[in-house]
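[1] sequence-free structure coming up:
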């Protein structure tokens, strides 16, 4: 097999490979012999069919198999001898399209190879980890928010305001006829909750207990009940009571409402949760600082094919975020900008670097870690956990989407163990401001 390099431009490589007719002929002969061994032809004993007849019957398929094997062998031999790793699937062509049995087979191979990644002295990297302690004030603020979420409503005099609860009887009619589901008694409705048809709640603001009001609304065109969609309706409402919101008392009863034994236990749970939130925020900031440091410290050639593919994905994703009504790919071509390309270069470069470090350090994701990660995602689909597990098990792409960030975080942890990390105490507000700045960036 003769191999000639035809292009060497950066990471781009191209080669012309000539497979001698004799080598191809040997493959064809071997395959015909394999066919002959199990083939029974009328007039001949099993395994004794003559070669000309076998060629007539199986020649084309055997030749195709021999060509495919020759291409596979050429690729395998080439990458073993050069040590190259292609960045994407190589482009392979049969150069002599009029090829027939007895001719040499000319193959053209083109690809971009993965770059050599320089070694990095991680100990030379100095990073700052922000550390925020959970203060009593933060626990108190969280308790107050819980009390508001568990608020009660207490009877009040005077007109109903936005945020108040009104207890009403109502009867709705369309074209003068009552309709199913359009009536209720003693219904507690919080004004401003947007739980009723648009425009309904606002017409009850200012009403007092004992007052009757007529509320005119239009059902939305996309309303679930087709017989009411887009129709005008009139509701006869009687306000029986007006109640003002009152936060729940911060006591043992509130704690028990949220599953704690008493108020002290609830405070402890809140403190632990806030500590985890602070730790997660500090971790996100530290990881970003590490990636920024690596991006500035390490430089190597990047495969254009990977950069262009990543830029295309970024541009496509951002376009859909701006055009939320557009679904699928039925839209004009989206051309990546230089900003998209710059972000793609960063992502591809850091991705290749982290993959190299992980491979060199033999970083692996354990079965237990994968199972825990899948379970965390499954909890996002209450009642459908089993279906989610089945989907993940049968979908390698979805499984990889879970494994990839796990692997990246383990590599980041490995690097952070080697880098110099200095801790800086900060307030909760300072930590949040740093996190907000990260989100904006």
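    Ah, there it is. Here the structure is a predicted model, which is why all the values come from computation and not from measurement. Numbering: from 1, shown residues only.
[2] ramachandran angles for the closest residue to residue 86 other than its chain neighbours?
    Distances taken as CB to CB, 6 or more residues apart in numbering place residue 111 nearest to residue 86, at 4.3 Å, with adjacent residues excluded. C-betas here are computed from N, CA, C, even on glycine. Main-chain torsions, residue 111, degrees, to the nearest 10: phi -170, psi 170.
[3] residue 111 contacts residue 85, doesn't it?
    No. Using CB atoms under 8 Å, residue 111 makes no contact with residue 85, being 9.6 Å away.
[4] looking at these two, which one has more neighbours?
    residue 111 (24 against 10; other CB atoms under 10 Å).
[5] what residues does stretch 434-441 touch?
    130, 281, 284-285, 288, 426 (CB atoms under 8 Å, 6 or more residues apart in numbering).
[6] local confidence estimate at the nearest residue to residue 10 once chain neighbours are set aside?
    With sequence-adjacent residues excluded and distances taken as CB to CB, 6+ apart, residue 10 is closest to residue 301, at 5.7 Å. With respect to pLDDT, residue 301 has a value of 95.
[7] quick check: residue 301 touching residue 115?
    Yes. Using CB under 8 Å, residue 301 is in contact with residue 115, at 4.8 Å.
[8] between the two, who's got more neighbours?
    residue 115 (18 against 13).
[9] and the pLDDT for that one?
    For residue 115, the pLDDT comes out at 95.
[10] can you check the one 5 residues further on too?
    Reading off the per-residue confidence, residue 120 sits at a pLDDT of 94.
[11] hmm, it is touching residue 300, no?
    No. Contact criterion CB under 8 Å: residue 120 and residue 300 do not qualify, at 10.9 Å.
[12] neighbour count winner among these two?
    Using other CB under 10 Å as the criterion, residue 120 and residue 300 rank with residue 120 on top: 18 against 14.
[13] tell me the phi and psi of the more buried one?
    phi -120, psi 130.
[14] start at 57 instead
    Taking 57 as the first residue, the last one we looked at is residue 176.
[15] so what's it up against?
    Contacts of residue 176 (CB under 8 Å, 6+ apart): 350, 353-354, 409, 413.
[16] now those in a markdown table, with distance to residue 371?
    Shown next, in a markdown table, are the contacts of residue 176 (distance: CB to CB, whole Å):
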| residue | distance to residue 371 |
| --- | --- |
| 350 | 24 |
| 353 | 28 |
| 354 | 25 |
| 409 | 23 |
| 413 | 29 |
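[17] which pair in those spans the largest distance?
    353 and 413 (12.7 Å; CB to CB).
[18] more neighbours: the two, which one.
    The neighbour comparison of residue 353 against residue 413 (other CB under 10 Å) goes to residue 413, with 20 against 14.
[19] just checking, what packs against the worst-scoring helix or strand of the chain on mean pLDDT?
    Of all helical and strand segments in the chain, the minimum by mean pLDDT, DSSP states H and E falls on helix 77-94, at a mean of 75. If contacts are counted by 3 or more CB pairs under 8 Å, 6 or more residues apart in numbering; DSSP states H and E, helix 77-94 sits against helix 107-138.
[20] what's the first helix or strand after the helix it packs on?
    strand 147-150 (DSSP states H and E).
[21] what comes up buried for stretch 465-475?
    Under the neighbour-count criterion of 16 or more other CB atoms under 10 Å, stretch 465-475 has 466-468, 470-472, 475 buried.
[22] stretch 316-335 too?
    316, 319, 322-323, 325-327, 330, 333-334.
[23] what's stretch 202-214 in contact with?
    Counting by CB under 8 Å, 6+ apart, 220-221, 244, 246, 264-265, 297-306, 310, 313-314, 322 sit against stretch 202-214.
[24] what about 6 Å?
    By CB atoms under 6 Å, 6 or more residues apart in numbering, the residues outside stretch 202-214 that reach it are 221, 297-304, 306, 313.
[25] all strands for the stretch 257-406 of the chain, in order.
    268-274, 288-302 (DSSP state E, counting those that start in this stretch).
[26] single out the most deeply packed of those.
    strand 288-302 (a mean of 17; mean count of other CB atoms under 10 Å).
[27] which strands and helices sit next to that one?
    Packing partners of strand 288-302 (3 or more CB pairs under 6 Å, 6 or more residues apart in numbering; DSSP states H and E): strand 208-211, strand 221-230, strand 268-274.
[28] now that strand against strand 221-230, angle please.
    170 degrees (axes from the mean of the first three to the mean of the last three CA atoms, to 10 degrees).
[29] ok, strand 288-302: who's next to it in the sheet?
    Note on strand 288-302: by DSSP bridges, its sheet partners are strand 208-211 (antiparallel), strand 221-230 (antiparallel), strand 268-274 (antiparallel).
[30] would TSV of those strands with mean pLDDT be doable?
    Shown next, in TSV, are the strands paired with strand 288-302 (pLDDT from 0 to 100):
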stretch	mean pLDDT
strand 208-211	90
strand 221-230	96
strand 268-274	95
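[31] could these go into TSV alongside distance to residue 443?
    Shown next, in TSV, are these (distance: least, CB to CB, whole Å):
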stretch	distance to residue 443
strand 208-211	39
strand 221-230	38
strand 268-274	38
